[in-house]
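[1] Sequence and predicted structure, then a few things I'm wondering about:
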Amino acid sequence: MTKEERIELANLLFPNIKKTRDYYENLYPERDLKEGAMVTRFGPSPTGFVHMGSLFGAFTDSVFAKQTGGVFFLRIEDTDQKRSVENGVEGIFNDLDAFDIKPDESSKVGGKYGPYIQSERTEIYQTYVKDLIVQGYAYPCFMTEEEGEAIREEQEINKVKLGIYGVYAVDRDLSLEEVKEHLNNNDEYVIRLKSPGNSKNEVEMVDLVKGKMKFPEHDMDSVLLKKDGTPTYHLAHAIDDHLMHTTHVIRGDEWVSSIPFHLQLFEILGFKRPEYVHTAAITKKDEGTIRKLSKRKDPEAKVSYYDEVGIPIEAVKLYLATILNSNFEEWYLQNPDKNIDDFTFTFEKMAIGGTLFDLEKLHNISKTYFSRKSGKEVYEETLTWALKHDPEYAELLKDNKEDMIKFLSIEKDGPRPRKDISKYSEVKEEFSYAIDSLFEKEHYSKNESEKEYDIDLVLDYVNNYLDLETDNETWFNEVKDFAVKNGYAASPKDYKNNPDMYKGHVGDICEALRVMITGRLKSPDLFSIMKILGKVKILRRIDLYKKNNTH
RNA sequence: GGCGAGUUGGUGAAGUGGCUUAACACACUGCCCUUUCACGGCAGCAUUCACGGAUUCGAAUUCCGUACUCGUCACCA
């Protein structure tokens, strides 16, 4: 086809496209950013809830943009209607919001480089494709599904590379007349790239995490516009990231094999190519094999899972940061007063291979998170969580606010705070003794101790010796005195050395107290708990214990 | 099958030719501290970096081959 024919063809195919490339190039000028600022983007499809792997990507995008003073924007990639799910876009915003990942530009907050929804950019894509046709880099292909399958079968029999290229690209050189004929018949068509590549040539590129890679040049006449006029991912990627001036394309490494294609697109479109950062997928070990974290099989792949089970968002982000950069964890441990924003992440420290998702490690990080929070903070966060997931408990928390905060503050002051909870949902169980009604309702149904305790001895102690006004040390000395008076050893060591001389040791008395008062064998500092409870409640609990344990 | 990538302990990983008799963290085990638990402390947990060969005075680190794992080969992203 001559150039004139191509222009005619372009107008025939896109009669409604009046704007030109230049129009858009001027509409979306270079961003005014300082040297080194990164422009990143998160491009999810509205397929339902956000996958943990996507969230990890969005987190990565936002981190790099933020720390370089750049821009992080959200672009909805909904070019495939079949994939779109009702309220899918809302879901994406909600999940990002829950994780406090805030795009600087999006369909919601706006921005100068919109629209930020691909289905609203059809005209833009078609403008560029129209130009590609004029330049001879694209053509309409009227191949039917059956014809395509026939080619594929032939290729399989001949054991050659699959796809539309070279001699298999039958519509590549259709004459203008032939095209017109198809059009008159209302034949459906797609627009394909007229690839100038040759697979014998090699292309080289440097990925910021994977390093240098070599590929054969792209020689496929891949589809640019689907028959409904909608772009494929590849075309949209090239045009959008050019027009929106993305500097760093951070995406999953399932895309590395299409790098040659994308490189070629950028070249024929005359765009400067962005830097590529291909990140390893988050994986999971499943019966010996390693696979990607799956939305269907793994509840933890669902972003909403963490809120449901009560793992603080902040803890999940800390975990994401530790798998993002291998040196983050150590840094964070050494700088307990700093947070994620204070750390400088680099591409070099990103994992090349897949990262195993380790819930156990997340729990540990979460415990550390809780341990660094004050009792009051834990109380408030737990309350907001309970309001949503356990309203009954939320009411109890509200009614017992003051005491609850005191309980949650036990052993929090020192340099080595307790690490006993990893989820909001555990607070209820772990501090069941803190709220009377809860304690009385649940306590004896799950009494942890099988032992029988000397109730009268405990009563004697509480009635006649317990002084709640004193400090921990004197209190404990008094317990020791009481123990000795009643034939118990003052320390476990004494008892160990001469077991025959004693009925037991102080620890046994404390254990009896603890079980009766808290209903459990383990608890934070007993004296602190008793102080908060007060003598009346203590006696009531012992009484309750007595009723339930004497027959 | 083609193309691309990965392979260090129970787990995540550090490591870019000598400072590695392989960091750190999680998990686990033992001891210590201790009224319980948690915290904390100490010790143990890969004589070896998938395997084979090559380069080198010297290799987990470079090169080649083999095996295995993953990704991808759509009018899905």
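    Yes, it's here.

[2] ok, and does stretch A:244-257 reach over to RNA strand B?
    Yes. Looking at stretch A:244-257 against RNA strand B by CB under 7 Å from any atom of the strand, the contacts come from A:253-257. To be clear about C-beta, it is placed using only N, CA and C from the backbone, and glycine gets the same treatment.

[3] Quick check: end-to-end length of that stretch?
    Chord length of stretch A:244-257, first to last residue, is 24 Å (CA to CA, to the nearest Å).

[4] and it, how far out from the chain's middle?
    18 Å (CA atoms, centre = their mean, to the nearest Å).

[5] Show residues contacting it.
    A:28, A:30-31, A:37-41, A:43, A:53, A:57, A:60-61, A:64, A:70, A:73, A:75, A:113, A:207-208, A:210, A:213, A:237, A:240-241, A:274-281 (CB atoms under 8 Å, 6 or more residues apart in numbering).

[6] Give me the buried entries from the residues you listed.
    By neighbour count, with 16 or more other CB atoms under 10 Å, the contacts of stretch A:244-257 hold A:28, A:37-41, A:43, A:53, A:57, A:60-61, A:64, A:70, A:73, A:75, A:113, A:207-208, A:210, A:237, A:240-241, A:274, A:276-281 as buried.

[7] ok, and which of the contacts of stretch A:244-257 reach RNA strand B?
    Answer for these near RNA strand B (CB under 7 Å from any atom of the strand): A:43, A:210, A:213, A:281.

[8] What pLDDT is listed against residue A:302?
    On the pLDDT scale, residue A:302 is placed at 85.

[9] what number of residues lie near it?
    The number of residues packed near residue A:302 is 20, by other CB atoms under 10 Å.

[10] could you measure the nearest residue to it once chain neighbours are set aside against residue A:85, distance?
    Sequence neighbours aside, residue A:49 is the residue nearest to residue A:302 in space, at 5.6 Å (criterion: CB to CB, 6 or more residues apart in numbering). Per CB to CB, to the nearest Å, residue A:49 is found 9 Å from residue A:85.

[11] Next SSE downstream of the worst-scoring helix or strand of chain A on mean pLDDT?
    Lowest by mean pLDDT, DSSP states H and E among the helices and strands of chain A is strand A:289-292, with a mean of 71. With elements assigned by DSSP states H and E, the helix or strand that comes after strand A:289-292 is helix A:304-309.

[12] Could you look up the next helix or strand downstream of that next one?
    As assigned by DSSP H and E, the chain's next helix or strand after helix A:304-309 is helix A:313-324.

[13] and that next one, what does it pack onto?
    Secondary-structure packing of helix A:313-324 (3 or more CB pairs under 8 Å, 6 or more residues apart in numbering; DSSP states H and E): helix A:52-68, helix A:304-309, helix A:328-334, helix A:359-371.

[14] buried residues in that helix?
    Buried positions in helix A:313-324, judged by neighbour count with 16+ other CB under 10 Å: A:314-324.

[15] OK, contacts around residue A:92?
    So residue A:92 contacts A:44, A:46, A:50, A:74, A:76 (CB under 8 Å, 6+ apart).

[16] in terms of contact, does residue A:513 touch residue A:458 like I think?
    Yes. Applying CB atoms under 8 Å, one finds residue A:513 in contact with residue A:458, separated by 6.0 Å.

[17] So between those two, which is more surrounded?
    Neighbour comparison, residue A:513 and residue A:458: the larger count goes to residue A:513, with 24 against 21 (by other CB under 10 Å).

[18] distance of the more buried one from RNA strand B?
    Look at residue A:513 and RNA strand B: by CB to the nearest atom of the strand, to the nearest Å, they are 8 Å apart.

[19] Residue A:22 too?
    Relative to RNA strand B, and taking CB to the nearest atom of the strand, residue A:22 is found at 27 Å.

[20] What is the neighbour count of that residue?
    Here the number of neighbours of residue A:22 (other CB under 10 Å) works out to 10.

[21] With the one 3 residues further on instead?
    Residue A:25 sits with 12 neighbouring residues when counted by other CB under 10 Å.

[22] so what pLDDT did it get?
    96.

[23] tell me which element it falls in.
    Using DSSP H and E, residue A:25 sits within helix A:21-27.

[24] give me phi/psi at the residue of chain A found nearest RNA strand B?
    For chain A and RNA strand B, the shortest gap (CB to the nearest atom of the strand) falls at residue A:416, measuring 2.7 Å. Per-residue torsions, residue A:416: phi -120, psi 70 (degrees, to the nearest 10).

[25] In ChimeraX, select just the buried ones from the contacts of residue A:92.
    For anyone working in ChimeraX, the buried entries among those, judged by 16+ other CB under 10 Å, can be selected with:
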select /A:44,46,50,74,76
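
[26] Relative to residue A:437, which of the contacts of residue A:92 is nearest.
    Nearest to residue A:437 among the contacts of residue A:92 is residue A:50, at 38.5 Å by CB to CB.

[27] count of neighbours near the closest residue to that closest one other than its chain neighbours?
    In this structure, residue A:50 finds its nearest non-sequential neighbour in residue A:95, 4.0 Å apart by CB to CB, 6+ apart. Residue A:95 has 21 neighbouring residues, counting by other CB under 10 Å.

[28] same check, this time on residue A:294
    By other CB under 10 Å, the burial measure for residue A:294, its neighbour count, is 14.

[29] now do residue A:369
    By other CB under 10 Å, 21 other residues sit near residue A:369.

[30] do residue A:120 as well
    By other CB under 10 Å, 13 other residues sit near residue A:120.

[31] check contacts around it.
    Residue A:120 touches nothing, counting by CB under 8 Å, 6+ apart.

[32] now it: how far from residue A:392?
    From residue A:120 across to residue A:392, the span is 45 Å (CB to CB).
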